[in-house]
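Enquirer: need a structure here:
(4 chains, ligands or ions: 4)
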Number of protein chains: 2
Amino acid sequence: MPQRHTKQRSAIEHIFSRIEGPLSPNEVLERAHEEIPNLGIATVYRALNDMVDEETLRRVDLPGQSSRYERADLKHHHHFHCTKCDRVFDLDGCLLKHDLGLPKGFVVKEHDITLTGSCPDCKG
Amino acid sequence: MPQRHTKQRSAIEHIFSRIEGPLSPNEVLERAHEEIPNLGIATVYRALNDMVDEETLRRVDLPGQSSRYERADLKHHHHFHCTKCDRVFDLDGCLLKHDLGLPKGFVVKEHDITLTGSCPDCKG
DNA sequence: GAAAAGATGCTTATGAATATCAAGAAACAG
DNA sequence: CTGTTTCTTGATATTCATAAGCATCTTTTC
Ligand SMILES: [Mn+2]
Ligand SMILES: [Mn+2]
Ligand SMILES: [Zn+2]
Ligand SMILES: [Zn+2]
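Expert: Ligands and ions are numbered 1, 2, ... in the order given. Take a look at the predicted model:
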């Protein structure tokens, strides 16, 4: 799978070089539009999928929401979703118990953890 | 918001009285078809949403998958998703660390945890 | 520079979930 | 019961996120 150097691909990559937080495809499109006004959403989806395959990006799936994407080089962490302002926050470190006590035969490759509640700005 | 007693609603409720595991709307439809051959998928979605509102059911959102539903009276637990056979297993107990070390001001209401890997039948 | 190989941007298709609405079934009043 | 009211249903249309198809435009290669 070759990889050509196009201005749309670079623009999308550049966005993630500045931003850490998880972005939705539409957020990526909006930001990239500043540089490439006629960029199509299909190209964004293609770029995001490729970058996930290349392990440049990682898909962030929050329960009940559509996928967002963040840099794959970030240290392992989990997310907090504020249901009031709908923002997503990165949390430091791993929140998974050490001793899982799984039944024999289950092999864990990955885990996802999402905390839901209200953030400091939306206290209540 | 009244609640009428219809055979379709009872059939759907009955399914969950026997089954614990999380079911997709289509799985519910298939099972209910045995009793009500002309049941429509829209009715299944309506029933599932109502039952979530009534807290009879709980939505189970696994990363990258569409929603499944399980009984809300089950003890708090999390899920294991086998990527080989695509089955979902209930895991006993809570897998969240006790000391989350969250920044000040974050209030956690809920949490979701999904383990991904291979199950005993699909070892590898 | 051409020609070849790929990427892009429209447009169309798919799948999950919801909305719409006429017709059917429950609840209710008598 | 029987008619009337009101809610529910099923079929269909609609929305939204994502992917596929394809003609055209760009990179790469020579
Ligand atoms: Mn993150
Ligand atoms: Mn479960
Ligand atoms: Zn972790
Ligand atoms: Zn838990």
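
Enquirer: hmm, the longest strand seen in chain A in reach of ligand 1?
Expert: Looking across chain A with DSSP state E, the single longest strand is strand A:107-118. No - remark: strand A:107-118 sits outside contact range of ligand 1, by CB under 5 Å from the ion, the gap being at least 10.6 Å. Any C-beta I mention is one placed from the backbone N, CA and C, and that applies to glycine too.

Enquirer: now that strand against strand B:107-118, angle please.
Expert: Interaxial angle of strand A:107-118 relative to strand B:107-118 (axes from the mean of the first three to the mean of the last three CA atoms, to 10 degrees): 160 degrees.

Enquirer: near ligand 4, which residues of chain A?
Expert: Counting by CB under 5 Å from the ion, no residue of chain A is near ligand 4.

Enquirer: give me the residue from chain A nearest ligand 2.
Expert: Here the residue of chain A nearest ligand 2 is A:P63; by CB to the ion that distance is 13.4 Å.

Enquirer: number of nearby residues for the closest residue to that residue other than its chain neighbours?
Expert: What sits nearest to A:P63 in space, not counting adjacent residues and going by CB to CB, 6 or more residues apart in numbering or on different chains, is B:D61, at 3.5 Å. B:D61: 19 surrounding residues under other CB atoms under 10 Å in any protein chain shown.

Enquirer: could I get the pLDDT score of B:D61?
Expert: B:D61 is assigned a pLDDT of 95 by the prediction.

Enquirer: before we move on, back to that, the residue of chain A closest to ligand 2 sits in which helix or strand?
Expert: For A:P63, there is no enclosing helix or strand under DSSP states H and E.

Enquirer: for A:H81, same thing?
Expert: Taking DSSP H and E as the criterion, A:H81 maps to strand A:78-82.

Enquirer: got a list of contacts for the longest strand of chain A?
Expert: A:61-63, A:78-84, A:91, A:95-96, A:100, A:102, A:124, B:63, B:80, B:83, B:96, B:100, B:102, B:106-118, B:123-124 (CB atoms under 8 Å, 6 or more residues apart in numbering or on different chains).
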